[in-house]
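In: Based on what follows, work out the 3D shape:
(one chain, ligands or ions: 1)
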Amino acid sequence: MQAKVAVIMGSKSDWPTMEGATQIMDILQVPYEVEVVSAHRTPDRLMSFGEQAVERGFEVLIAGAGGAAHLPGMLAAKTRLPVLGVPVQSRALNGMDSLLSIAQMPKGVAVGTMAIGEAGAFNAGLLACQILANNDSALAERLEAFRQAQTATVLANPDPRSA
Ligand code: RP5
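Out: Numbering: from 1, shown residues only. Below you'll find the predicted structure:
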């Protein structure tokens, strides 16, 4: 099936975080591709990825990076597709560097900035599914079921001391 979402990241070391984006897309049966594309180590590859993203059939792009996290912003500079940026938790500064690198885009080039780390990656996948669900009624139904199950799980066990 045609992948409508691409999940790219600056390094293989980002995968344990970025895997979360793919987990929710697996649950919601949304096809995706994953690839390491580094803004600093493979800049030409990033440029060609951004230039070809529309013709490859992607509709949403997720980009995760840590530290001097230029990947989501540079990708957004090369494509009109929506880019969701995931700040990966860095060792030195706990991801605050990643967050600020991704969030503070100049006016006119947009990146949707997610939370730092695993929650941000998971929610990037979830948000990509929500965007695609606007034009996919079957996916919209799966999303509703996911949300209802999540709510039911919390309501079924409100005691914070129990497992
Ligand atoms: C960034 O530098 C990557 O996104 C990664 O989060 C960070 C460290 O990369 P490695 O040195 O672990 O490859 O470009």
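
In: Determine the three-state secondary structure at Leu61.
Out: strand (DSSP: H, G, I helix; E, B strand; the rest coil).

In: Checking Val34 next. Helix, strand or coil?
Out: strand.

In: Excluding sequence neighbours, find me the nearest residue to it.
Out: Nearest non-adjacent residue to Val34, counting by CB to CB, 6 or more residues apart in numbering: Val7, 4.7 Å away. Glycine gets a C-beta too; all of them are placed from N, C-alpha and C.

In: Pull the number of nearby residues for that neighbour.
Out: Neighbourhood size, Val7 [other CB atoms under 10 Å]: 28.

In: Check for me that it belongs to a strand.
Out: Yes. Using three-state DSSP, the assignment for Val7 is a strand.

In: roughly how far apart are it and Ala69?
Out: 15 Å (CB to CB, to the nearest Å).

In: Spit out the contact partners of the residue nearest to Val30 when sequence neighbours are not counted.
Out: Excluding the flanking residues, the one nearest Val30 by CB to CB, 6+ apart is Cys129, at 5.3 Å. Cys129 sits next to Ile24, Met25, Leu28, Val30, Leu139, Leu143 when contact means CB atoms under 8 Å, 6 or more residues apart in numbering.

In: Report the secondary structure state of Cys129.
Out: Following three-state DSSP, the label given to Cys129 is helix.

In: pLDDT weak spots in this structure?
Out: Low-confidence segments of the chain (pLDDT under 70): none present.

In: how about the residues of it that lie near the ligand?
Out: With CB under 6 Å from any ligand atom as the criterion, the chain meets the ligand at residues Met9, Gly10, Ser11, Ser13, Asp14, Ser38, His40, Ala65, Gly66, Gly67, Val88.

In: Sort out for me which of the residues you listed are in helices.
Out: With helices taken from DSSP state H, there is no overlap with the residues of the chain next to the ligand.

In: Can I have the buried ones of those residues as a ChimeraX selection?
Out: Command for ChimeraX that selects the buried part of the residues of the chain next to the ligand, burial taken from 16 or more other CB atoms under 10 Å:
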select :9,10,11,14,38,65,66,67,88
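
In: Which of the residues of the chain next to the ligand fall in strands?
Out: Met9, Ala65, Gly66, Val88 (DSSP state E).

In: Identify the residues contacting the closest residue in space to the third one that isn't next to it in sequence.
Out: What that stands for is Gly66. Closest residue to Gly66 apart from its sequence neighbours, by CB to CB, 6+ apart: Val88 at 3.4 Å. Contacts for Val88 were tallied using CB under 8 Å, 6+ apart; they are 9-10, 14, 17-18, 64-66, 69, 95, 98, 116-117.
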